[in-house]
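# Give me coordinates for this.
(chains A and B)
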Amino acid sequence: MTDPDQLRAATAVGVLASEEAHLALLSSIVDVARAIFGARASSIFLLDEDTDELVFEAASGLGSAELVGSRFPSGTGIAGWVLATRQPLVLEDVSKDPRFARDLAEATGYVPRALMAVPLLHEERALGVLEVLDRPDRARSPLEEMDLLGLFAGQAAIALDLLLAARRARAVLAGSGGELMAVARVAEALDGLEGEARGAGLRLLEALDEVLRKN
Amino acid sequence: MEAASHNGEEELPAWSLPRDAVDRIAIPLEWPDRVNREWALGGSTGKGATVCIIDSGVEPNHPLVGDVDGAVAVTVAEDGELVVEKDEEGDLCGHGTACAGIVRALAPECSLFSVRVLGAGFTGSGPALLGGLKWAVEQGFDVVNMSLSTTKRQFAETLHEIADRAYFGKTMLVASAHNLPVESYPWRFASVISVGSHESPEGLDFFYNPTPPVEFFARGVNVDVAWLGGGQIRVSGNSFATPHISAICALILSKHPELTPFQLKSVLYLVATNVGGAP
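Sure thing, here's the model as predicted:
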């Protein structure tokens, strides 16, 4: 017998945004973060709680996006510190630090001169780290910049929390051996119907429900 | 007559003050009519005061940090037990070294200790933070610098107990506040000093905030700090304002080691730049 939570997850996944939409959200976050500060680049890392790794999820303005998907241990480097301590940081002229430069180059393929890093926090959870690299436009004071980045990170974290919930729901489905995918597909198909077709679909499901309950 | 010590035979009753015991709580410190910076920390080098940095470790032999009198790493073993052992790794990020360098610059003769609670992965960071803080409080350091916080409510109660134990045990916890729209700990507790940033370039400038939970603002913008590989970078953030207050606490405690955290907070208030401490 399947756990009712899994069934609910299956039907929910059917109507949740697709993985493509989630990638678009991640791209949008780094694009907006970069635009707000007129920065050369921005990147986002999410925590994979199962493996305790930070995953480089998306970037804007970096020369190469090949490294998207790369992973590194969550306890090291600036991103690891920001994630574990929940403290935002602004670092200037980091290129002088060879170890730091190497860490970043391995993670993102880009060595910045300066960066701001802020944790993505939603309720109790630390979801990841947002970084803004090389911002030449300094119309604001550093404190104003940090407040603004904190505000934006809060909004991004709310959206990301939804994304991660959908990913977890998919993982539950995958773990069910695929049986529940049929339920998810039905929910997805029904959600995509309109007007008369949707009414017909609902009537068919009600009839199916009646038949199944009689057995 | 000497004030009763914590371990002395003549310890006072804990909850009351009999008439004949009044003399025994005479305050040994002579306070001037007006507490000013000269009295509080003038000429102090921090000598004799102990400051513990709970962070990412401290790089050994960094020229801007100098001697570190002890360094341990706190990790969580597979069975969930906390392990405290001598730290052979140094600093895994740079941040702990930066904090140690800030304290050293302002309080050159204080004793510095490092408790590394970061670097063992994110999952273990909450328990390691708790274990590291508990260990530091048990050692009886005068000042414990915590440029970090947790959002996990499951840790809040234990952290609160440790913070109160520190406060009554004469260990001043100094913790970074943050500007993010979530609850985090321990900086929100009244038994710690919580620190935010101001933009002045003067390291000894600090301001009392009459609308807490952030109690003091210290230098936290464009600070040149020690970093990995013997290097130096320029940084901003409350996590760098915090060691400025830790260092100022060390300067005051070096001159006035009798001060309890309550008295220390009172002195900080009286000599804050926006109260009575303006040059």
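
# use CA for all of it now, contacts and neighbours both
Will do.

# what stretches of the stretch 151-279 of chain B score poorly on pLDDT?
Of all residues in the stretch 151-279 of chain B, those with pLDDT under 70 make up the ranges B:278-279.

# Of all residues in it, which one is closest to chain A?
Here the residue of the stretch 151-279 of chain B nearest chain A is B:Val235; by Cα to the nearest Cα that distance is 4.4 Å.

# Skip ahead from the helix or strand where that residue lies and say which helix or strand is next.
Here B:Val235 sits within strand B:232-236, counting by DSSP states H and E. Following strand B:232-236 in sequence order, the next helix or strand is helix B:238-255 (DSSP H and E).

# Leaving out chain neighbours, which residue sits closest to the residue in chain A that chain B sits nearest to?
With Cα to the nearest Cα, the shortest gap between chain A and chain B falls at A:Gly75, namely 3.8 Å. With sequence-adjacent residues excluded and distances taken as Cα to Cα, 6 or more residues apart in numbering or on different chains, A:Gly75 is closest to B:Gly121, at 3.8 Å.

# Let me see the confidence value for that neighbour.
The per-residue pLDDT reported for B:Gly121 equals 75.

# who touches the residue of the stretch 51-200 of chain B found nearest chain A in this structure?
Closest contact between the stretch 51-200 of chain B and chain A, by Cα to the nearest Cα, is at B:Gly121 (3.8 Å). With Cα atoms under 8 Å, 6 or more residues apart in numbering or on different chains as the criterion, the residues that contact B:Gly121 are A:Asp52, A:Glu53, A:Pro73, A:Ser74, A:Gly75, A:Thr76, A:Gly80.

# For the residues you listed, point out the one with the lowest pLDDT.
Ranked by pLDDT, the contacts of B:Gly121 bottom out at A:Thr76, which scores 74.

# Next, count neighbours for residue 60.
Assuming you mean chain A. 25 (other Cα atoms under 10 Å in any protein chain shown).

# was after chain B, sorry
B:Pro60: 19 neighbours (other Cα under 10 Å).

# With A:Leu204 instead?
The burial count assigned to A:Leu204 is 12, neighbours taken as other Cα under 10 Å.

# separation between it and A:Ala182?
If you measure A:Leu204 against A:Ala182 using Cα to Cα, to the nearest Å, the figure is 16 Å.

# Strands of the stretch 51-200 of chain B, residue ranges please.
In the stretch 51-200 of chain B, the segments counted as strands under DSSP state E, counting those that start in this stretch are B:70-76, B:82-86, B:111-116, B:143-146, B:172-176, B:193-198.

# Among the ones you listed, which comes closest to A:Arg138?
Between A:Arg138 and these, the shortest separation by Cα to Cα is 17.6 Å, and it involves strand B:193-198.

# partners of the closest one in the sheet?
Here strand B:193-198 has these sheet partners by DSSP bridges: strand B:172-176 (parallel), strand B:216-219 (parallel).

# who does the helix or strand containing B:Leu268 touch, helix- and strand-wise?
B:Leu268 belongs to helix B:261-270 when elements are defined using DSSP H and E. With contacts defined as 3 or more Cα pairs under 8 Å, 6 or more residues apart in numbering or on different chains; DSSP states H and E, helix B:261-270 has these neighbours: helix B:153-168, helix B:238-255.

# Which strand or helix spans the most centrally placed residue in chain A?
When Cα atoms, centre = their mean is applied to chain A, the residue found nearest the centroid is A:Leu160 (4.5 Å). Mapping A:Leu160 onto the secondary structure by DSSP H and E places it in helix A:142-175.

# which secondary structure elements does that helix contact?
Taking 3+ Cα pairs under 8 Å, 6+ apart as the contact definition, the neighbouring helices and strands of helix A:142-175 are helix A:4-15, helix A:19-37, strand A:115-122, strand A:125-133.

# angle of whichever helix or strand comes after that helix against helix A:142-175?
Tracing the chain C-terminally past helix A:142-175 and defining elements by DSSP H and E, one meets helix A:181-191 next. On the basis of axes from the mean of the first three to the mean of the last three Cα atoms, to 10 degrees, helix A:181-191 is oriented at 120 degrees to helix A:142-175.
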